[in-house]
Every structure is written in structure tokens, then in C-alpha cells.
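Participant: Here is a sequence together with a model predicted from it:
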Amino acid sequence: MCAEQTNYRSFLLRLWQEGSHREWRAALQDVITGQRQHFATLEALLAFLHGQAQPNDPDWKEKDGQNTGISHETLP
């Protein structure tokens, strides 16, 4: 990924409700890589997006993906 692309993120967002309490779930798919990430709560989604907006520093990468409610899937 070139330096210009690291300053730009593009996702397809899917939202749906499930369960007896109609809780919101979310999935983001990176439009470049096809990697899909699922979120059990909207709070987890927002935490992930907040993390994507952080400066590009080496220490931040270690924190990425440690939010609860996140799972990763890569499409073929």
C-alpha cells in the first residue's frame, strides 16, 4: 500500500438487528482487500473506526483489533 493510500480508508458498511432485543450488529468490508470485520455492538464498530482514524505510528498497530466484539474474515 502506498503512502497516499494509508491516509484513506473505504468500507462497505452493513447494519442489521437480531436477537429478542433487536440489538444492532455491523459488518465492515474493506473495498480494496475484501477483508470483512464483524461487530457485536455499535460501540465496537465505533471503537474500530476511531482506531482507523488514529495517526500512523508503529505502536498503534499493536492496539488495533483488540476491541471486544470484533471478528475478522477475508473473502476469496
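Facilitator: Received the coordinates, thanks.

Participant: could you say what helices and strands the particular helix or strand that has Leu12 in it packs with?
Facilitator: Assigned by DSSP states H and E, Leu12 belongs to strand 11-18. Packing partners of strand 11-18 (3 or more Cβ pairs under 8 Å, 6 or more residues apart in numbering; DSSP states H and E): strand 23-30. Every residue, glycine included, has its C-beta placed from N, CA and C.

Participant: quick one on the thing from earlier: contacts for the strand holding Leu12 next, please.
Facilitator: Glu23, Trp24, Arg25, Ala26, Ala27, Leu28, Gln29, Asp30, Val31 (Cβ atoms under 8 Å, 6 or more residues apart in numbering).

Participant: Hmm, Gln37 and the third one touching each other?
Facilitator: What it means is Arg25. No - using Cβ atoms under 8 Å, Arg25 makes no contact with Gln37, being 11.7 Å away.

Participant: Let me see the mean pLDDT of the biggest helix by length in the chain.
Facilitator: Ranked by residue count under DSSP state H, the longest helix found in the chain is helix 42-52. Mean per-residue pLDDT for helix 42-52: 93.

Participant: Low-confidence ranges, this protein, go.
Facilitator: Scanning the chain for pLDDT under 70 picks out the ranges 1-6, 56-76.

Participant: Many thanks, have a good one.
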